[in-house]
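[1] Please find the sequence and the predicted model below.
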Amino acid sequence: MARPPLSEAPRPMTRHLDAGREVLSLEIAGLAALKDQLNGDFSKAVDILKSVRGKIIATGMGKSGLVARKIAATLSSTGAPAIFVHPGEASHGDLGMITKDDGVLALSKSGETPELSDLLAYAQRFSVPIVALTCGANSTLATTATACVLLPEAREACGETRAPTTSTTMMMALGDALAVALLRDKGFTADDFHGFHPRGNLGAALRRVSDMMHAQDRLPLCIDTAPLEDAVRTLNAGGFGCVGIVSREGLLVGILTDGDLRRAFGRAEPALPVGDIMTKTPKTVSPDTLAGEALALLSRGKITALFVTDAGKPVGLLHVHDCLSTGVL
């Protein structure tokens, strides 16, 4: 049989893109159905997890187990201590990790995972609350659970094998939803999160400007009535590329930058008051501003430094290099 012309055969990239878009469309549809199906059982699950005085025991087998590990990590980093317990290991001694102060978060698409039976029976025996995430409305897991959040019977994205794809995406998203609802109920803040996540770009972005700024005794400042030549000397000595201009009351009223000097070159006399050529109402941040927010302000304004003010008075200076050197991106 003659091979069809190359022009008639689908190009590999086209096939790949079609497959990728089909998978994403199916998983998006699953998430939309999950969103529409969410009801009071979700709220009950949040309340149960919030009431746990010990730790949350996330558990599941196979792909559901991998999702449970991720949910446990998310819960722990957002103020709800959680660990993953493998159902098989639980039956061989790890049940001893579960106390009466704990709560169980069990994941199973069918709700009939046999390896979960010992853990569920143990939790029931000691009145440990169980929150279930499953598609099986009448399953063993659903009927055993204290609260059951049902997932819709959405089509798996891998139609050839029915491998867990859409279902695990829904479980992962539902875990995120539980974690965020829980942290909001608990009043968990960015500062709390930074305490659990001090390293990496995310941890750096959650630092406060007060942790990174140059302190008041190092600030390049000049009074607004001072001659321009004094301000230039202060600018050169400071090494920040700018000088903060203050009033007699100590309020920040402007800024003089290298760019201001270049623009004023040839028309500004050395004895001219610096207040006459300064940039008025400079961009500032407070000491409590997140480092990530400060860097975004620097980027939007296309500037390299920000004065840090408290009640209108300069208390620090943040340079873009301070952000980059500490990993704020």
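    The structure has been received and is ready for your questions.
[2] Now do the strands in the protein.
    Assignment of strands within the chain using DSSP state E yields the ranges 56-60, 82-84, 103-107, 130-134, 147-150, 214-215, 221-223, 242-246, 252-257, 279-280, 284-285, 305-310, 313-319.
[3] So which of the ones you listed is nearest residue 36?
    When the strands of the chain are compared by C-beta to C-beta, strand 147-150 sits nearest residue 36, at 12.0 Å. Heads up, the C-betas are built off the backbone N, CA and C, glycines and all.
[4] Distance to residue 206, mean pLDDT and mean neighbour count added to the strands of the chain, as a markdown table?
    Formatted as a markdown table, the strands of the chain follow (distance: least, C-beta to C-beta, whole Å; pLDDT from 0 to 100; neighbours: other C-beta atoms under 10 Å):
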| stretch | distance to residue 206 | mean pLDDT | mean neighbour count |
| --- | --- | --- | --- |
| strand 56-60 | 23 | 98 | 28 |
| strand 82-84 | 21 | 96 | 21 |
| strand 103-107 | 26 | 98 | 27 |
| strand 130-134 | 29 | 98 | 26 |
| strand 147-150 | 30 | 98 | 22 |
| strand 214-215 | 20 | 90 | 14 |
| strand 221-223 | 29 | 95 | 19 |
| strand 242-246 | 26 | 95 | 26 |
| strand 252-257 | 26 | 94 | 21 |
| strand 279-280 | 30 | 90 | 13 |
| strand 284-285 | 15 | 95 | 20 |
| strand 305-310 | 17 | 95 | 22 |
| strand 313-319 | 15 | 95 | 21 |
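[5] and the ones you listed as a markdown table, adding distance to residue 269?
    Converted to a markdown table, these look like this (distance: least, C-beta to C-beta, whole Å):
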| stretch | distance to residue 269 |
| --- | --- |
| strand 56-60 | 70 |
| strand 82-84 | 68 |
| strand 103-107 | 73 |
| strand 130-134 | 74 |
| strand 147-150 | 74 |
| strand 214-215 | 31 |
| strand 221-223 | 16 |
| strand 242-246 | 17 |
| strand 252-257 | 15 |
| strand 279-280 | 19 |
| strand 284-285 | 29 |
| strand 305-310 | 26 |
| strand 313-319 | 26 |
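[6] Spatially nearest residue to residue 30, not counting backbone neighbours?
    Leaving aside its sequence neighbours, residue 30 sits nearest to residue 154 (C-beta to C-beta, 6 or more residues apart in numbering; 3.6 Å).
[7] okay, residue 216: pLDDT?
    Looking at residue 216, its pLDDT reads 80.
[8] check contacts around the residue nearest to it when sequence neighbours are not counted.
    In this structure, residue 216 finds its nearest non-sequential neighbour in residue 315, 5.4 Å apart by C-beta to C-beta, 6+ apart. Listed by C-beta atoms under 8 Å, 6 or more residues apart in numbering, the contact partners of residue 315 are 213, 216, 287, 308, 309.
[9] Now the fourth one. Nearest residue, chain neighbours left out?
    The one in question is residue 308. Excluding its sequence neighbours, the residue lying closest to residue 308 (C-beta to C-beta, 6+ apart) is residue 316, at 3.6 Å.
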